[in-house]
Structures are given as structure tokens and as C-alpha cells.
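A.B. asks: What follows is a predicted structure for the sequence shown.
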Amino acid sequence: MITAAIGRPAARSKEVARTLGLLPQRPLAPEGIAVADLVGRGRHPHQKMLARWSPRDYEAVSDALAATGISDLAERSVDELSGGQQQRVWIAMALAQETDILLLDEPTTFLDVTHQIEVLDLLTDLNRTRGTTIVMVLHDLNLAARYADELVAVRDGHVHAIGGPAEVITEVLVREVFGLESLVIDDPLTGKPMVLPSGRHHVRAGS
């Protein structure tokens, strides 16, 4: 059976973009583009061809810059920013789309620990204050357990487990999905599970 979707492609893609914001793992910005201009591209799904910017467009960009804490960088070139700042710019662009759902593929890739926490704290703030549904791909088990309300563990392209962090992050699952021996304890800060990898040179005391 052949199934086909018919309609005007441009209209359909804009309709999706008004509902779903997507941040790929390695987004590329045009060379020399200013922060505000890049964030402004998030308004394209709401604009008609050759139409002037509406007051709502300007307001949405301003709100996105403020929400991500980069209003003071609006006139700076994206090329000049640190990795953490650049990631905030991309998130701001996605926010300017004003979607209910935001998909992020490895949003902490290539960031040092400080910037990883900064970005994940920002996403948590957006979820709590705006009600935005955040869906992320993360490979760091401890960050995933700490920040996510629900986890989906995938093995060989198939869903292996789904549920809250305490349900999903277990020593058995870490072994089955990642082939890793570990000790899972309670995170002293959050009470959520924390994975301590064993490794060949580090074993449990008394074992």
C-alpha cells in the first residue's frame, strides 16, 4: 500500500514549525550573523512571504532574548560567543517560534560541565515558567536522571524502558542497555538515581 500526504509543502512545513521547535545537535549559523537576527529567524513560520515584521514578531524575539538571558548580546556576532552563549542563542531562536513543544538533540554536546548545567537549568526554567514541553536526547545518565521527569531508554533503535528516573535508572538496565557494570545510589542533592560506573579498576568494597 502506498500512502501519500497531499497539500502545499510550504504551508504544511510552516504549520509544523508553529507547533514544534527543533534544535539539532550541530546547528550552523550564517557567518557574521548577529544574535538578534538569528533569533529573529524563529519568526519565519508566523510570517507571510515579503510581509513586514509585526509588533508581535519584535515582542517574541525580545521575550526570547530575555528568557535566555542574552538580551545584552543582541548586537553581537554569534561567531564571537562562547559555546554556552551560542547554545542559548539557538534555544532563543526556538523559543521565538512560540511552540508548545521543543525537541533538542544533545543540547549539551561540546559544552563544559558549567555550561551543561547552565543550559539544562535554563530548559527547566522554560518548562516551569512557560509550560513548554521539553524533549531531549541525552547520553549522560546522571544529567538525564537529575533533570528529566520521564526517561525513555533506547537500545538498538528500540524502546527498552520508559518511566520516571527511579524506575528506569537501575543497575540492571545500565547493564542491559549500556553493557556497563555500575552502582546506582541516591543523588545526595536531588534524591534521584545516580550512576557510579564500576570499570575494571574500580570495584565495590568487599567484592
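C.D. replies: Arrived safely, thanks for sending.
A.B. asks: Give me the buried positions along the longest helix seen in the chain.
C.D. replies: Criterion DSSP state H: the longest helix present in the chain is helix 113-130. Buried residues in helix 113-130, counted by 16 or more other C-beta atoms under 10 Å: H115, Q116, I117, E118, V119, L120, L122, L123, L126. Backbone N, C-alpha and C define where each C-beta goes, glycine included.
A.B. asks: Could you check how far the most centrally placed residue in the chain is from D125?
C.D. replies: The structure's the chain has its C-alpha centroid closest to L104; by C-alpha atoms, centre = their mean the separation is 3.3 Å. Note on L104: its distance to D125, by C-beta to C-beta, to the nearest Å, is 14 Å.
A.B. asks: Show me where this protein has its helices.
C.D. replies: Taking DSSP H to define them, one finds helices in the chain at 9-17, 35-40, 55-67, 83-96, 113-130, 141-147, 165-168, 171-178.
A.B. asks: could those be laid out in a markdown table, adding mean pLDDT and distance to L196?
C.D. replies: Formatted as a markdown table, the helices of the chain follow (pLDDT from 0 to 100; distance: least, C-beta to C-beta, whole Å):
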| stretch | mean pLDDT | distance to L196 |
| --- | --- | --- |
| helix 9-17 | 56 | 41 |
| helix 35-40 | 94 | 40 |
| helix 55-67 | 90 | 35 |
| helix 83-96 | 88 | 27 |
| helix 113-130 | 88 | 17 |
| helix 141-147 | 93 | 9 |
| helix 165-168 | 94 | 15 |
| helix 171-178 | 94 | 10 |
